[in-house]
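In: sharing a model prediction with you, sequence too.
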Amino acid sequence: MIASRFFRIVFIIALSHSLSLAASASLSVGIGGIVAPNPYIGSGGTKTAIVPFFYYEGERLFVEPDRIQYQIFDKKVFSIGLISAFRFQGYDPKDNRALAGMQERKAALDVGLVGTYISDLGIFSLTALTDFSETHQGDELGLSWEVPFPMGKNWLINPSFGLTWQDKDLIDYYYGVSNAEARAGRPAYQGKSSSDWFVGLGIFYELSQDWDVISQFTVQSLSNSITDSPIVDDDNQWSGFFGVVYEF
């Protein structure tokens, strides 16, 4: 969830920049450090990693690290796209002693639609996803608002705000505890649908014609549907990324 949202926000920053330069296809690759939240007990709260970064922007096809999007309708200010998105959630209890006795929760592949509207007030996006991999068998709706602010010749500042709704099947898969998994201090828990909000800030700097620096910071709330789970110990989460990108 966080990774998907992070790469979507970073992609919009880069896309806004590239649209101001040219309408032709472009490919960018890079590398950076990411701090990602992990809400599960015994996880330490966050995990850090060095990750590759890339995106491809064509006339209708967009490829990002966590998703592929194809525009089926595009009228410049309003577009509708088909998307397939990887959901980097879950855990392996072998890696976390506090989750001993739990079944592994796996990452998933979701598919759906995204609608985007660009106005003087910013970029509005509505995303609907459902589980294609039959992992969590749930659905998600997301609404986001991005406001890119060009600052001089080389800077772009991008504050963002959004809401995410996830149904009970998705929440139960990643945060539920079945009767067979229940232990002393870890009662059974059945997930319920959840509505969460997030705020973010993206910063883009053009070092040269080919090199760019991208950073993104996001804070997300977790609703009671998630925090009431006995395997979760965080109420709010934050994530961050800082990287260098080369544009071909």
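Out: Noted; the coordinates are in hand.
In: how about the helices in the chain?
Out: For the chain, the helices defined by DSSP state H occupy 2-19, 168-175, 224-227.
In: lowest-confidence stretch among the ones you listed?
Out: Comparing mean pLDDT over the helices of the chain, the weakest stretch is helix 2-19, at a mean of 48.
In: any weak-confidence spans in this structure?
Out: Filtered on pLDDT under 70, the chain yields the residue ranges 1-24.
In: need the outlier residue of it, farthest from its centre.
Out: Of all residues in the chain, the one whose C-alpha sits farthest from the chain's mean C-alpha position, using CA atoms, centre = their mean, is residue 184 at 33.9 Å.
In: burial count for residue 131?
Out: Each residue near residue 131 was counted by other CB atoms under 10 Å, and the total is 20. For the C-beta atoms, the positions are set from N, CA and C on the backbone; glycine is no exception.
In: correction: the previous question concerned residue 202.
Out: Other residues near residue 202 number 24, with proximity taken as other CB under 10 Å.
In: before we move on, the earlier item: which ones are touching the residue farthest from the centre of the chain?
Out: With contact set as CB atoms under 8 Å, 6 or more residues apart in numbering, residue 184 has no partners.
In: surely residue 119 is in contact with residue 145?
Out: No - applying CB atoms under 8 Å as the test, residue 119 and residue 145 come out as separate, 10.4 Å apart.
In: give me the more crowded residue out of these two.
Out: Neighbours around residue 119 and residue 145, counted as other CB under 10 Å, are more numerous at residue 145. The numbers are 14 against 9.
In: distance of the more buried one relative to residue 203?
Out: Using CB to CB, to the nearest Å, one obtains 18 Å as the distance from residue 145 to residue 203.
In: try residue 71
Out: Applying CB to CB, one obtains 27 Å for the distance of residue 71 from residue 203.
In: can you pull the contacts of residue 59?
Out: Counting by CB under 8 Å, 6+ apart, residue 59 touches residue 25.
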